[in-house]
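Peer 1: Show me the folded form of this:
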Amino acid sequence: MKRTKIIWVLVCILSVQSVAAQKYFTKSGNITFYSKAPLENIEARNTKGVSVFDQASGRIEFSVLLKGFEFEKAKMQEHFNENYVESDKYPKAVFTGNIKDGTNLKLDKDGNYTVEVNGTLTMHGVTKPQNAQATFTVKGGTISAVSEFTVLLADYNIQIPSLVADKVSKNVRVVINVPAYQPMSGS
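Peer 2: Reported below is the predicted structural model:
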């Protein structure tokens, strides 16, 4: 009888640990970027960002295909892919990092949790450090996240043609919004 109780307690502890150390993913992260410019503001959206994060280690990754960005004007989309990010040569942007104090995320309890995320952003063949705050929200068992940061085009060797240099902003505001992370099976 005593042995059965010990086994039962161990099973319960291991079950709780596996839930607490869960990995999460999404294939429907929303990424928008916005650049205020004197002639015309530039805005684009991509709704197919892929993200995985491991609560136990705090590791988080986010990837997006650059050709997936949609612009209001087809010509802007063409210039973005051909002249700026050269998406045939550099097809995606990838952020890889760690959530500082990821163990503070109480993903089994409703609430908002603001964390610091430190890592690198790789885009246009260049990898640079990128840090930002992110807010994870847990509501009714659904985990969402949002983050915002600024990217300087020159840091990623993205050239602005001299013809439009005074009409295009040198930096871009990026907003990442994950409406719902899902638990990864087998994690």
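
Peer 1: Identify the spatial nearest neighbour of residue 170, chain neighbours not counted.
Peer 2: residue 153 (5.8 Å; CB to CB, 6 or more residues apart in numbering). C-betas here are computed from N, CA, C, even on glycine.

Peer 1: my guess is that neighbour meets residue 165, correct?
Peer 2: No: Residue 153 is beyond contact range of residue 165, at 10.8 Å (criterion: CB atoms under 8 Å).

Peer 1: Neighbour count: these two, which is higher?
Peer 2: residue 153 (19 against 10; other CB atoms under 10 Å).

Peer 1: Any figure for the gap between the more buried one and residue 178?
Peer 2: 25 Å (CB to CB, to the nearest Å).

Peer 1: What about residue 145, how many residues nearby?
Peer 2: With other CB under 10 Å as criterion, residue 145 counts 26.

Peer 1: Which residue, other than its chain neighbours, is closest to residue 59?
Peer 2: Nearest to residue 59 is residue 98, by CB to CB, 6+ apart, at 5.7 Å.

Peer 1: residues in contact with the one you found?
Peer 2: If a contact means CB atoms under 8 Å, 6 or more residues apart in numbering, then residue 98 has 57-60, 117-119 as its contacts.

Peer 1: Could you list the residues in contact with stretch 65-83?
Peer 2: 31, 33, 42-48, 85, 87-88, 90-93, 161.

Peer 1: And the buried ones among those residues, selectable in PyMOL?
Peer 2: Selection of the buried residues among the contacts of stretch 65-83 in PyMOL, burial being defined by 16 or more other CB atoms under 10 Å:
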select buried, resi 31+33+42+43+44+46+47+85+87+90+92+93
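
Peer 1: Contacts only, for the residue lying closest to residue 58 once chain neighbours are set aside.
Peer 2: Among residues not flanking residue 58 along the chain, residue 102 sits closest, at 3.0 Å (CB to CB, 6+ apart). Each residue near residue 102 by CB under 8 Å, 6+ apart is listed here: 55-58, 115.
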